[in-house]
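Peer 1: I'll drop the sequence and a predicted model, then ask my questions.
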Amino acid sequence: MLKKLPAICAGLLLTVTAYAASVQLAKDHPDTYTVRKGDTLWSIAAKFLQKPWQWPEVWQANPQVRNPHLIYPGDVLSLAYLNGRPGLGIASRGGIEPHTRAEQLENAVKPLPLSAIEDFLKKPRLVSEDEFKRAPHVVGIEDHHINGATGQLIYVRNLDAQPGQHFVLLRPIGRYYEITGKDGRPSEVYRQDMQDRDDRPSMLWHHGPDHFTLRGNVKFLGYEMLQYGDVEATHAGNPASVLVTSTDYEVRPGDYVLPPDNNQFDFQYVPHAPQQVPATMRVIAFTDALNAVGRLQVVALSNGAADGIENGQTFSIFHAGDVVTDRTDYPEGSFKAFFKRDEAKVQLPEEYIGHVMIFRTFDRVSYGLIMDGIRPVHLGDKLYEPDHT
């Protein structure tokens, strides 16, 4: 039997939108739950809700914490109805009691596991084709070494730098391109691996179709660069002398040197539905697998900030149904099967795969984390609003 939350919580509903009216509780949901280390807001919500991405719609503000999204191991969450709507709130504080905001951010339960996306927050970087062509690049290593390492000098051509300035090392791992169909179909974005380079880093993407096509015009959108090291300029000139201060891989001639990306990353993601979903939005690349990926793996998606995509947006993923042959009405070897082959083919409906949440966007491409799912995600799988059926 559900218990009522204290009256003080009744007037502190954080955000209840029209979605809250459609919130459905999970079967055999608990009335209370004690937060554990390693939990995320998504995983906790999955214990109470059929659609865990809806947790912001039913969350109750905690009067003791300035940011009601921050909960801690040991906190006891309670499920109750307010005005006929389900709501989650903190029934008691049994964990770390924060005293400063820094402690809150360090110990609070995160909306999603940051360990799964940490590399993708800091390391990949998209640069335009013009920026790529103008980017300073390594032309040599001290003492004629083939490769460079931490503590060695490297020589960089076209680097406008003064001694003491800091830069980062980057290596291209892929490029994105857009195909505009000649038959009036919407433009679609694809990704191509940089396969002409040896010893590629471990952040391995798998791409869609080859960019050479007769289906339409190809336009390159930008190069995906992997940031793998830090350097400091020691002597101005062309080439400039640069000291490698840290690196994850050996430095090679042809690698690039650019100023660090000082954009701040968002670590407090709030899942929400997009206002609209681009018709061409789909999975165009994924990591560390040849054919498919699953929960808590990263995918690259074919739309970005220019299309209205933003951090926290949650989408459902669907896989296109197969085409099968109706052998009942069109038996193999029959007259009908031979002369009416097209009629014998049946397109099966799309199948639901899972949910993906956006955690980093670029202009025309975005990265998402697979939050849950019942089947593997494949290249080309389409994205819809999170409630799509």
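Peer 2: Structure received. Numbering: from 1, shown residues only.
Peer 1: neighbours of the nearest residue to H378 once chain neighbours are set aside, just the number please.
Peer 2: In this structure, H378 finds its nearest non-sequential neighbour in A292, 5.1 Å apart by Cβ to Cβ, 6 or more residues apart in numbering. Every residue, glycine included, has its C-beta placed from N, CA and C. Residues near A292, counting by other Cβ atoms under 10 Å, number 17.
Peer 1: distance of A292 from Y190?
Peer 2: Using Cβ to Cβ, to the nearest Å, A292 is found at 18 Å from Y190.
Peer 1: what segments of the protein are helices?
Peer 2: 7-10, 41-48, 55-58, 101-107, 118-122, 129-134, 335-339, 341-344 (DSSP state H).
Peer 1: list the helices and strands the longest one packs on?
Peer 2: Other helices and strands packing on helix 41-48, by 3 or more Cβ pairs under 8 Å, 6 or more residues apart in numbering; DSSP states H and E, are strand 32-34, helix 55-58, strand 85-92, strand 366-373.
Peer 1: with respect to S43, which of these lies nearest?
Peer 2: strand 366-373 (9.1 Å; Cβ to Cβ).
Peer 1: what's in contact with the closest one?
Peer 2: Contacts with strand 366-373, where a contact means Cβ atoms under 8 Å, 6 or more residues apart in numbering, come from 42, 46, 52-53, 112, 116-117, 120, 124, 293-301, 303-305, 309, 314-315, 317, 353-361, 377.
Peer 1: cool, stretch 280-295 as well?
Peer 2: Looking at what lies outside stretch 280-295 - Cβ under 8 Å, 6+ apart - the contacts are 174, 186-191, 203-208, 297-303, 307, 309, 315, 317, 354, 365, 370-373, 376-383.
Peer 1: ok, now with 6 Å
Peer 2: 186, 188, 190-191, 205, 207-208, 298-300, 302-303, 370, 373, 376-383 (Cβ atoms under 6 Å, 6 or more residues apart in numbering).
Peer 1: follow-up on the earlier one: going by mean pLDDT, which of the helices and strands packed on helix 41-48 comes out lowest?
Peer 2: Mean pLDDT is lowest for helix 55-58 out of the helices and strands packed on helix 41-48, coming in at a mean of 74.
Peer 1: domains of this structure?
Peer 2: 7-110, 122-258, 283-384 (automatic domain parsing).
Peer 1: how long is the last one end to end?
Peer 2: Domain 283-384 stretches 12 Å from its first residue to its last (Cα to Cα, to the nearest Å).
Peer 1: please apply the same query to the second one.
Peer 2: With Cα to Cα as the measure, the first residue of domain 122-258 is 14 Å from its last.
Peer 1: now find how far off-centre that domain is within its chain.
Peer 2: How far domain 122-258 lies from its chain's middle: 21 Å, per Cα atoms, centre = their mean, to the nearest Å.
Peer 1: where does the stretch 101-250 of the chain have low pLDDT?
Peer 2: Across the stretch 101-250 of the chain, the ranges flagged by pLDDT under 70 are 101-106, 184-186, 195-216.
Peer 1: just the strands from it, written as ranges.
Peer 2: Along the stretch 101-250 of the chain, the stretches classed as strands by DSSP state E, counting those that start in this stretch are 124-127, 137-141, 153-157, 166-181, 188-193, 205-206, 216-235, 240-247.
Peer 1: got the angle for the second one vs strand 240-247?
Peer 2: Using axes from the mean of the first three to the mean of the last three Cα atoms, to 10 degrees, one finds that strand 137-141 and strand 240-247 are set 90 degrees apart in direction.
Peer 1: tell me what strand 137-141 is packed against?
Peer 2: Contacts defined by 3 or more Cβ pairs under 6 Å, 6 or more residues apart in numbering; DSSP states H and E place strand 137-141 against strand 153-157.
Peer 1: hang on, the earlier thing: what subset of the contacts of strand 366-373 is buried?
Peer 2: Among those, the ones that count as buried by 16 or more other Cβ atoms under 10 Å are 42, 46, 52-53, 112, 116-117, 120, 124, 293-294, 296-301, 303-304, 309, 314-315, 317, 353-361, 377.
Peer 1: show me the residues you listed that map onto strands.
Peer 2: 124, 298-301, 314-315, 317, 353-361 (DSSP state E).
Peer 1: find the residue at the geometric middle of this structure.
Peer 2: Closest residue to the average C-alpha location of the chain: G368 at 1.9 Å, with Cα atoms, centre = their mean.
Peer 1: tell me the spacing between the closest residue to Q50 other than its chain neighbours and A306.
Peer 2: Nearest non-adjacent residue to Q50, counting by Cβ to Cβ, 6+ apart: Q24, 4.4 Å away. Noted for Q24: a distance of 34 Å to A306, by Cβ to Cβ.
Peer 1: go on, Y176?
Peer 2: The separation that Y176 has from A306, given Cβ to Cβ, amounts to 12 Å.
Peer 1: repeat for T247
Peer 2: 33 Å.
Peer 1: of those two, which one has the most company?
Peer 2: Set T247 next to A306 and count neighbours by other Cβ under 10 Å: T247 wins out with 19 against 11.
Peer 1: not counting sequence-adjacent ones, nearest residue to the more buried one?
Peer 2: T247 sits nearest to G229 (Cβ to Cβ, 6+ apart), 3.3 Å away.
Peer 1: can you report how many residues lie near the one you found?
Peer 2: Residues lying near G229 (other Cβ under 10 Å) number 23.
Peer 1: A320 now?
Peer 2: Residues near A320, counting by other Cβ under 10 Å: 15.
Peer 1: also M225?
Peer 2: Around M225 there are 26 residues (other Cβ under 10 Å).
Peer 1: who's the residue nearest to it when sequence neighbours are not counted bridged to?
Peer 2: Among residues not flanking M225 along the chain, L170 sits closest, at 4.0 Å (Cβ to Cβ, 6+ apart). Beta bridges link L170 to Q227, Y256, judged by DSSP bridges.
Peer 1: list the contacts for L170?
Peer 2: Applying Cβ under 6 Å, 6+ apart, we find L170 in contact with M225, Q227, Y256, L258.
Peer 1: average pLDDT for stretch 266-281?
Peer 2: Computed over stretch 266-281, the average pLDDT equals 86.
Peer 1: no further questions, thank you.
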